[in-house]
Each structure stands twice: as structure tokens, then as C-alpha cells.
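Asker: need a structure here:
(one chain, ligands or ions: 1)
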Amino acid sequence: MIWASGWRLASAVSNAGGLGIIGSGSMYPEVLLEHVRKCKAATDKPFAVNIPMLYPAVEEHIATVIAEKVPIVFTSAGNPATWTAKLKAAGITVVHVVASAKFALKAEAAGADAVVAEGFEAGGHNGREETTTLVLVPLVRDAVKIPVIAAGGIADGRAMLAAMALGADGVQLGSRFVCSEEASSHAAFKQFVVDSREGDTLLTLKELAPVRMMRNAFFLEVQQAYARCATPDQLKELLGRARAKRGMFQGDLEQGELEIGQVAAGLKDILPAAEIVRRVMAEFAEAQRRMAALDLTTDAAQ
Ligand code: NDP
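Answerer: Okay, the predicted model is just below:
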């Protein structure tokens with residue numbers, strides 16, 4: 001959710017009854033401070049900050065969330081043992097994002113209060129094992145005792161119910177909220193996502209950090225580099241710096257890195273965040289009714 005989820009989106013989601021999350025990976029320390037303060041002013045509901053541990057100035061972000069008494073912090077892309085104890089000592093609820101049961105166990109052992117089990121369908125940074133959400137959620141559910149939040153491939157209430165049937169206690173939606181009015185993503189990127197079709201996102205750059213992005217001219221250059229058997233250093237050089245900003249924030253649809261999940265193919269509109277929350281909950285209730293009406297009773301089940 002870098003370049004997408006600032007204080008506007010996070011506070012709108014929290015005000016609508018969800019838990020809004022500020023994505024701090026694209027924010028300089030003073031920018032995060034500003035977003036946290038604006039979020040506090042815009043909502044009296046709980047909200048969270050996601051801190052990717054790959055972030056170059058991670059210590060400063062940690063200091064900011066502690067000083068500002070942010071109630072919940074999601075940590076991702078790194079070892080949960082590094083910051084969990086410090087955050088918890090400051091009274092912060094810690095949720096760690098994982099892509100395998102092995103790392104879910106590590107997060108639990110490090111004292112995390114919950115884990116996000118994020119599958120292969122998710123946009124942006126992704127797991128190396130390519131485990132789908134359908135497979136990952138039950139594996140993580142069976143491995144840990146702490147609450148499990150499912151992510152990756154969830155954009156509506158049907159998928160939310162499915163994730164809960166697999167054992168999740170909650171769900172995290174990213175791509176659906178990129179296509180919200182409050183997301184800070186460039187309007188051209190939002191529209192590109194809405195116009196996209198099945199197969200338009202792919203996982204690539206596993207040698208650097210696996211990332212799911214949309215097919216565009218830059219993605220084709222990456223594919224050509226693989227065809228030439230490029231080394232990791234050559235891939236890094238091709239990626240360069242601030243590709244994600246160029247694509248998702250500045251709207252360069254050709255040369256930018258456009259991170260989004262597989263569910264992009266099903267997104268049809270850009271909506272206010274509160275309307276997204278309302279629709280997801282209505283779809284969830286409708287899907288629950290449909291499931292309850294199914295008569296699956298068989299002799300074997302009796
Ligand atoms: P790059 O190294 O390509 O570029 C850094 C970008 O982050 C620039 O656009 C820069 O803005 C901005 N930035 C914000 N704070 C800093 C800082 N303290 N030092 C340097 N740059 C900063 O990185 P990416 O854009 O690929 O990733 C940025 C961050 O987001 C990383 O921490 C990464 O781990 C995280 N990320 C997390 C994802 C996830 O799924 N969890 C997905 C993708 C990225 P400017 O150009 O204005 O200088």
C-alpha cells in the first residue's frame with residue numbers, strides 16, 4: 001500500500017468501522033509524523049501503521065509510532081524478533097505479516113499479538129514460496145494460537161467469508177482500497193487497475209524481493225532481462241530507484257512499477273472508502289445467507 005494509504009484513506013476506513021492502516025514504506029520520517037497526526041485529528045477510532053522492516057530509516061518510524069502512541073503497528077518484510085518487544089513494551093498491539101506457517105510461528109514466538117497470512121495473490125512484496133491464500137490460511141491457522149488475518153485475493157464479502165471458513169479471524173484488503181477516492185495513488189494508476197483483466201499482474205524479481213506488479217513496458221523489460229539471464233545486480237540496476245513512486249504516485253504507466261494484487265481483474269470502480277466497507281459487509285452477510293441456505297447434509301455428515 002505504499003503511495004496509496006496515507007491519513008485520508010486510513011481515517012476514512014477507521015471511521016467506516018474497519019481498521020485503517022497507514023502504509024509508511026514510502027514516507028520519509030517527517031511525512032509519517034504528519035500523517036499520523038492528521039489521522040488522529042480525522043478519527044477517534046483506532047488506526048494502525050504498517051512498517052516494512054526493509055525501510056531504510058526503520059528506527060525513526062518505530063520512534064514515531066511509539067512517541068505518537070499509535071495503537072496498532074503492522075510489521076512486514078523482516079524478522080519479527082527485531083521490533084516486537086520494543087513496540088509491545090510501549091503498549092502497542094503488534095501484528096506481523098507472514099507468507100508461511102514457519103514465519104507465523106516465529107512471529108508468535110516473538111510475541112506478536114496476531115499475524116496477517118498473506119498469500120500469492122497479493123500485490124507488492126510477496127512470499128518466495130508462492131503459497132496461495134487458500135493453502136496458506138489453514139496452514140497458519142493450524143500452526144499458531146494467536147488471531148490470523150487473511151490477506152491476498154480478498155476484495156469483497158464473498159472472499160471475506162471464504163477466508164473465515166478457512167479459519168481466519170479477520171481479513172486485510174489492499175488492492176480494493178487502492179481503487180478508493182481517498183487513496184493517494186495517481187488517478188491514472190487507479191483507472192489502469194480498474195481497466196485491467198485476468199493475468200495482467202505477475203510475480204517477478206524474486207532474486208531481489210518478490211513483487212507482484214502489472215504488465216507494462218517496464219515489466220516487459222524485466223522479462224527481457226530474464227531472457228538474457230540477467231544477474232541479480234543487473235536486475236537491481238534495471239529496477240533503479242523510486243520505480244514504485246514513478247508508477248503508482250506519479251502515474252507513469254509505462255516505466256513505473258505498478259504494484260497491485262490479482263483481484264485487480266475484478267475491480268470495476270473507484271469508490272469512497274466508506275462505501276467499500278459498507279459493500280464488503282453487505283456482501284459478507286449475503287454470502288453467509290447463501291451458505292446457510294445450502295443443504296449439504298449427507299448420510300456421511302450425519
Ligand atoms: P526505492 O529504493 O526504489 O525508492 C525509495 C522510495 O521511497 C523513493 O520513492 C523515496 O521517495 C521513498 N522514501 C521514503 N522514505 C525514504 C527514506 N528514508 N530513504 C529513501 N527513500 C525514501 O524503494 P521502493 O519504492 O521499492 O520501496 C520503498 C519502501 O517500501 C521500502 O521500505 C520497501 O520495503 C517498502 N515496500 C513495501 C511493500 C510491501 O508490500 N510491504 C511493497 C513495496 C515496497 P523520494 O523519491 O521522494 O525520495
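Asker: List the contacts of the residue of the chain found nearest the ligand.
Answerer: Proximity of the chain to the ligand (C-beta to the nearest ligand atom) peaks at Gly25, 2.7 Å away. The way it works is simple: take the backbone N, C-alpha and C, and place the C-beta from them, glycine included. Going by C-beta atoms under 8 Å, 6 or more residues apart in numbering, Gly25 touches Ile2, Asn50, Ile51, Pro52, Leu54, Tyr55.
Asker: okay, who's weakest in those residues by pLDDT?
Answerer: Here the lowest pLDDT out of the contacts of Gly25 sits on Leu54, with 91.
Asker: In three-state terms, how would the closest residue to Leu19 other than its chain neighbours be classified?
Answerer: Spatial nearest neighbour of Leu19, chain neighbours left out: Ala48 (5.9 Å); criterion: C-beta to C-beta, 6 or more residues apart in numbering. What DSSP: H, G, I helix; E, B strand; the rest coil gives for Ala48 is strand.
Asker: thinking again about what came up before, a helix runs through the residue of the chain closest to the ligand, doesn't it?
Answerer: Yes - counting by three-state DSSP, Gly25 is found in a helix.
Asker: For it, give its distance to Val49.
Answerer: The gap separating Gly25 from Val49 is 10 Å, by C-beta to C-beta, to the nearest Å.
Asker: cool, Phe189 as well?
Answerer: Phe189 is 22 Å from Val49, by C-beta to C-beta.
Asker: Kindly report the same for Phe218.
Answerer: For Phe218, the distance to Val49 - C-beta to C-beta - is 29 Å.
Asker: Same check on Leu32?
Answerer: Leu32 sits at a distance of 7 Å from Val49 (criterion: C-beta to C-beta).
Asker: where along the stretch 201-302 of the chain do the helices fall?
Answerer: 217-227, 232-239, 243-244, 273-293 (DSSP state H, counting those that start in this stretch).
Asker: hmm, the second one in reach of the ligand?
Answerer: Meaning helix 232-239. No - applying C-beta under 6 Å from any ligand atom, one finds helix 232-239 separated from the ligand by no less than 7.0 Å.
Asker: Okay, and the beta partners of the residue nearest to Glu259 when sequence neighbours are not counted?
Answerer: Closest residue to Glu259 apart from its sequence neighbours, by C-beta to C-beta, 6+ apart: Gly124 at 4.1 Å. Gly124 has the following beta-bridge partners by DSSP bridges: Arg212.
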